[in-house]
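Peer 1: make a model of this:
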Amino acid sequence: MQIAIPYVSGSGHTRVLARHVADGAASVAGAKAILVDVEALQPSDWDLLAGAGAIIFGCPTYMGSAAARFKDFMDETGGDLWTELRWRDKIAAGFTVATFPSGDKLSTLMQLSVFAAQHAMIWVGLDEIGAPVNKANKGINRDGSSLGLMATSSRDKTLMIDKDDAETARRFGARIARAALRWQAGA
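Peer 2: Residues are numbered from 1 along each chain as shown. Sure, this is the predicted structure:
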């Protein structure tokens, strides 16, 4: 099962987050994660997306919305890909990163989930409940997101993403891979 992760990264934070998501997805037996840098999109990448069992969309949140270059990618999926519903029944998920803990990241995840719904995809959210509700999950899902993965840019530019957000990303990637494999087995 191929898990495609198309992403846009402005300052590098989203790229690092995408790698953590990919590491989590690849940790599941039977899943292979492939990163797709949307800013270097090749015709063969469209074939990869078509053949993937799951697509995890990732982009930074800028000014309360998906980054413009990712929105361009979304718009490029119009036409035959959309009208023929070529991504129908693929598992979909999304992640975003912003400078501030809130950063209006929910609006980006909503935008990505609506985009997936327009392609008749099956959206899967985050299943990690962090502390203080689940004390064993200290640092996990610090933003309390359910719709998808949210991360906050690390002030430590050698990390880009704090260790807790990186661990949440790995768990998220693994969840999406397990869901995609289960969905495929039931088809």
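
Peer 1: what comes up buried for the longest helix that the chain contains?
Peer 2: Criterion DSSP state H: the longest helix present in the chain is helix 163-186. Buried residues in helix 163-186, counted by 16 or more other CB atoms under 10 Å: 164-181, 183. No exception for glycine: its C-beta is placed from N, CA and C like everyone else's.

Peer 1: check stretch 46-62 too.
Peer 2: By neighbour count with 16+ other CB under 10 Å, stretch 46-62 contains the buried residues 49, 52, 53, 54, 55, 56, 57, 58, 59, 60, 61, 62.

Peer 1: just the CA coordinates of it, formatted as PDB?
Peer 2: What follows is stretch 46-62, C-alpha atoms only, in PDB (Å, rounded to 0.1, in the frame of the first residue of the first chain):
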ATOM      1  CA  TRP A  46       0.200  12.500 -10.700                       C
ATOM      2  CA  ASP A  47       0.500   8.800 -11.500                       C
ATOM      3  CA  LEU A  48       1.900   8.200  -8.000                       C
ATOM      4  CA  LEU A  49      -1.100  10.000  -6.500                       C
ATOM      5  CA  ALA A  50      -3.500   8.000  -8.700                       C
ATOM      6  CA  GLY A  51      -2.000   4.700  -7.500                       C
ATOM      7  CA  ALA A  52      -1.800   5.500  -3.800                       C
ATOM      8  CA  GLY A  53      -4.200   3.900  -1.400                       C
ATOM      9  CA  ALA A  54      -4.100   7.000   0.800                       C
ATOM     10  CA  ILE A  55      -3.100  10.600   0.400                       C
ATOM     11  CA  ILE A  56      -2.100  12.700   3.300                       C
ATOM     12  CA  PHE A  57      -2.100  16.400   2.400                       C
ATOM     13  CA  GLY A  58       0.300  18.800   4.200                       C
ATOM     14  CA  CYS A  59       0.900  22.500   4.100                       C
ATOM     15  CA  PRO A  60       1.600  25.500   6.400                       C
ATOM     16  CA  THR A  61      -1.100  27.700   7.600                       C
ATOM     17  CA  TYR A  62      -0.600  31.300   6.400                       C
END
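
Peer 1: where does the prediction get shaky in the protein?
Peer 2: In the predicted model, the chain carries pLDDT under 70 at residues 187.

Peer 1: tell me, what residue is most central in it?
Peer 2: Taking CA atoms, centre = their mean, the centroid of the chain lies closest to residue 94, which sits 3.1 Å from it.
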